[in-house]
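Participant: give the three-dimensional model of this entry:
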Amino acid sequence: MHVTPRPPATQQEAMWAMDRLIAAHLVGQQEMAQLMGLNVTDVTCFGFVIAAGEDLLTAGELAERVHVTTGAMTGVLNRLERAGFITRRPDPADRRRVRVAAEPDAVALATRLYEPYYARLAELFADYSSEELAVLNDWFTRATALAEGFREERRREG
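Facilitator: Numbering: from 1, shown residues only. Just a heads-up that it's a prediction; the model follows:
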């Protein structure tokens with residue numbers, strides 16, 4: 001592993017770099033969604049379904065993760081099912097609930113589209129020491145919790 005010296009940065013510079021990363025990611029997600037014939041919310045939900053693997057999520061769990069109503073999630077699942085990305089399976093423990101499984105061909109499509117990007121990210125991460133990766137992981141984890149908490153506060157306010 002080759003560790004590159006890091007130039008100094010101010011908090012303002014780091015926040016601006018973060019804003020550019022978020023903007024690039026949002027535009028990229030929109031483009032990926034278009035390639036897949038979906039919208040960004042549907043792609044996000046499909047990503048959660050893929051990440052769950054064999055531990056299939058319920059429609060309610062998906063709704064919580066993307067912060068939509070269960071009614072809106074029904075629409076998302078209908079679109080994903082029609083497009084061949086998911087199937088719904090009855091929950092063996094509670095027949096009133098459904099669990100969502102990813103279709104293998106759709107997983108293959110998502111992998112084909114996203115794999116080159118993740119390979120480049122892996123190369124980028126390889127340029128960081130294990131201590132730096134620990135800091136990045138801590139920051140990503142805490143920033144995600146902060147963002148989710150802030151969104152929840154905004155929703156409660158109104």
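Participant: tell me what the helix or strand where A14 lies is packed against?
Facilitator: For A14, the element it lies in under DSSP states H and E is helix 11-36. With contacts taken as 3 or more Cβ pairs under 8 Å, 6 or more residues apart in numbering; DSSP states H and E, helix 11-36 sits against helix 40-52, helix 104-125. For every residue, glycine as well, the C-beta is placed using N, CA and C.
Participant: 10 Å instead?
Facilitator: Secondary-structure packing of helix 11-36 (3 or more Cβ pairs under 10 Å, 6 or more residues apart in numbering; DSSP states H and E): helix 40-52, helix 104-125, helix 130-157.
Participant: export those helices to TSV and append columns for mean pLDDT.
Facilitator: Formatted as TSV, the helices and strands packed on helix 11-36 follow (pLDDT from 0 to 100):
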stretch	mean pLDDT
helix 40-52	97
helix 104-125	97
helix 130-157	94
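Participant: check those for me and report the most buried one.
Facilitator: Among these, ranked by average contacts under mean count of other Cβ atoms under 10 Å, first place goes to helix 40-52 (a mean of 19).
Participant: can you give the strand pairings for the helix or strand following that one, parallel or anti for each?
Facilitator: Toward the C-terminal end, the helix or strand that comes next after helix 40-52 (DSSP H and E) is strand 57-58. Neighbouring strands of strand 57-58 in its sheet, by DSSP bridges, are strand 94-102 (antiparallel).
Participant: the strand it pairs with: which residues count as buried?
Facilitator: 98-102 (16 or more other Cβ atoms under 10 Å).
Participant: dump that strand to PDB, restricted to CA.
Facilitator: What follows is strand 94-102, C-alpha atoms only, in PDB (Å, rounded to 0.1, in the frame of the first residue of the first chain):
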ATOM      1  CA  ASP A  94     -46.900 -13.800   9.100                       C
ATOM      2  CA  ARG A  95     -48.900 -14.300   5.900                       C
ATOM      3  CA  ARG A  96     -50.200 -10.700   6.100                       C
ATOM      4  CA  ARG A  97     -46.700  -9.500   5.300                       C
ATOM      5  CA  VAL A  98     -44.600  -9.900   2.200                       C
ATOM      6  CA  ARG A  99     -40.900 -10.100   1.900                       C
ATOM      7  CA  VAL A 100     -39.000  -8.800  -1.100                       C
ATOM      8  CA  ALA A 101     -36.400 -10.800  -3.100                       C
ATOM      9  CA  ALA A 102     -34.200  -9.600  -5.900                       C
END
